[in-house]
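S.K.: Here is my input; please provide its structure:
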Amino acid sequence: MTARPDLAPPDDDASGHDIERAYANLRAGIERALGSGRTERVGPMMRIEVDAPQVDLLRWLANQHRVPRIYWADRDGTRRIAGVGCADRLDLEPGTTPAELLRRVAGRLAGRDPALRYYGGFRFDPDAPMSTRWAPFGRGWLVLPRFELVAQDDALRLACNVFPGRDTADRIIDELRGLAPAATDLPAPPARAARADLPAEEAWRTMVDRAITELRTTSLRKLVLARRSDWQFDTPVSPLGLLSALAQHCGPCFRFCFDPDGESAFIGATPERLFRRTGRDVW
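M.R.: Below is the predicted model of the structure:
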């Protein structure tokens, strides 16, 4: 079910107004859609949207304290999403495959507003031993953010995802009060203190030479080499500040950030598209 701007007051167009006006309009839409204190049975998920002013999504997300925090932007920058909080989450439990979890999500989204999307990911090998640094991400998970700022071309919308009955208006409005305006600026990445590569340069060069030999003398046609670089800084690193810096230096890229707990983050900027599907067309 979708609640569109007609649920908000007539002045829900937040263009030219600050984000606080958008929050107020979203609150009115929540109250009209759910009704304060209603405890009906759990119904289909609902999305409530209002217009929002033009704000920098990364700076807005950096100022939010609710987790998880999610950011995604396409290569051309025409569509960007900043999500915060959790309306629904599905974890990849032992004995469950990513395909099975994706089918569960598809079942929940069937016939719903196409703007409703889950975000997340899975380990390449969910059953492999997990280091402590990857523990906050688990085997894999998919989350429907509670609140989203979605930029499509030049339009910006503020959205709230709820489950009527399970989510009362009072509860959602209390979460809405916790949203902050955009930060004034993003912290710049700190000066590098130390770097360690694994394998080190000499061993890396040996691996590259061996890979070239294998490709020339065997039936192998593709090898993907990788190494780990550990960077240690004198001060804490803002993952969103680092992502913003990457965007300025990497050119057109898909950019993402998954922050599950406020202490860890998985970020990236890559020019590669894995796939895109629209109806029956796949790129």
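
S.K.: Enumerate the beta-bridge partners assigned to the residue positioned nearest the centre of the chain.
M.R.: Residue closest to the mean C-alpha point of the chain, counted by CA atoms, centre = their mean, is Ile70 at 2.6 Å. With DSSP bridges applied, Ile70 shows beta-bridge pairing to Gly83, Phe258.

S.K.: where exactly do the helices run in the stretch 51-200 of the chain?
M.R.: Residue ranges of the helices in the stretch 51-200 of the chain, as given by DSSP state H, counting those that start in this stretch, are 57-62, 98-109, 169-177.

S.K.: follow-up on the earlier one: would you mind measuring from the residue nearest to the centre of the chain to Leu144?
M.R.: Taken as CB to CB, to the nearest Å, the spacing of Ile70 relative to Leu144 amounts to 10 Å. All C-beta atoms are positioned from the backbone trio N, CA, C, and that covers glycine.

S.K.: if we can go back for a sec, what's the residue nearest to the centre of the chain in contact with, if anything?
M.R.: Taking CB atoms under 8 Å, 6 or more residues apart in numbering as the definition of contact, the neighbours of Ile70 are Ile81, Ala82, Gly83, Val84, Tyr119, Val143, Pro145, Phe256, Cys257, Phe258, Asp259.

S.K.: pLDDT weak spots in the chain?
M.R.: Counting by pLDDT under 70, the chain contains low-confidence ranges at 1-17, 36-43.

S.K.: How about the residue in it that sits furthest from its center?
M.R.: Thr217 (43.2 Å).

S.K.: rewinding a little: which among the contacts of Ile70 gets closest to Ile48?
M.R.: Closest approach to Ile48 among those (CB to CB): Pro145, at 13.0 Å.

S.K.: Phi and psi next, for the closest one.
M.R.: Taking degrees, to the nearest 10, you get phi -60, psi 150 for the backbone angles of Pro145.

S.K.: Check the helices of the stretch 51-200 of the chain for me and report the most buried one.
M.R.: Burial among the helices of the stretch 51-200 of the chain, expressed as mean neighbours by mean count of other CB atoms under 10 Å, is greatest for helix 57-62, which shows a mean of 22.

S.K.: Just tell me which of the helices of the stretch 51-200 of the chain ends up closest to Gln152.
M.R.: When the helices of the stretch 51-200 of the chain are ranked by proximity to Gln152, the top entry is helix 57-62, at 11.8 Å, counting by CB to CB.

S.K.: Show me the contact partners of the closest one.
M.R.: Against helix 57-62 from outside (CB under 8 Å, 6+ apart): 19, 69, 71, 73, 80-82, 84, 149, 151, 181-186, 238, 240-241, 243-244, 257.

S.K.: again, only this time at 10 Å
M.R.: Contact partners of helix 57-62, identified using CB atoms under 10 Å, 6 or more residues apart in numbering, comprise 19, 52, 56, 69-73, 80-84, 148-151, 156, 158, 179-187, 238-241, 243-244, 247, 255, 257, 259.

S.K.: If you count neighbours, what's buried in stretch 119-134?
M.R.: Buried residues in stretch 119-134, counting neighbours by 16 or more other CB atoms under 10 Å, are found at Tyr119, Gly120, Phe122, Pro126.
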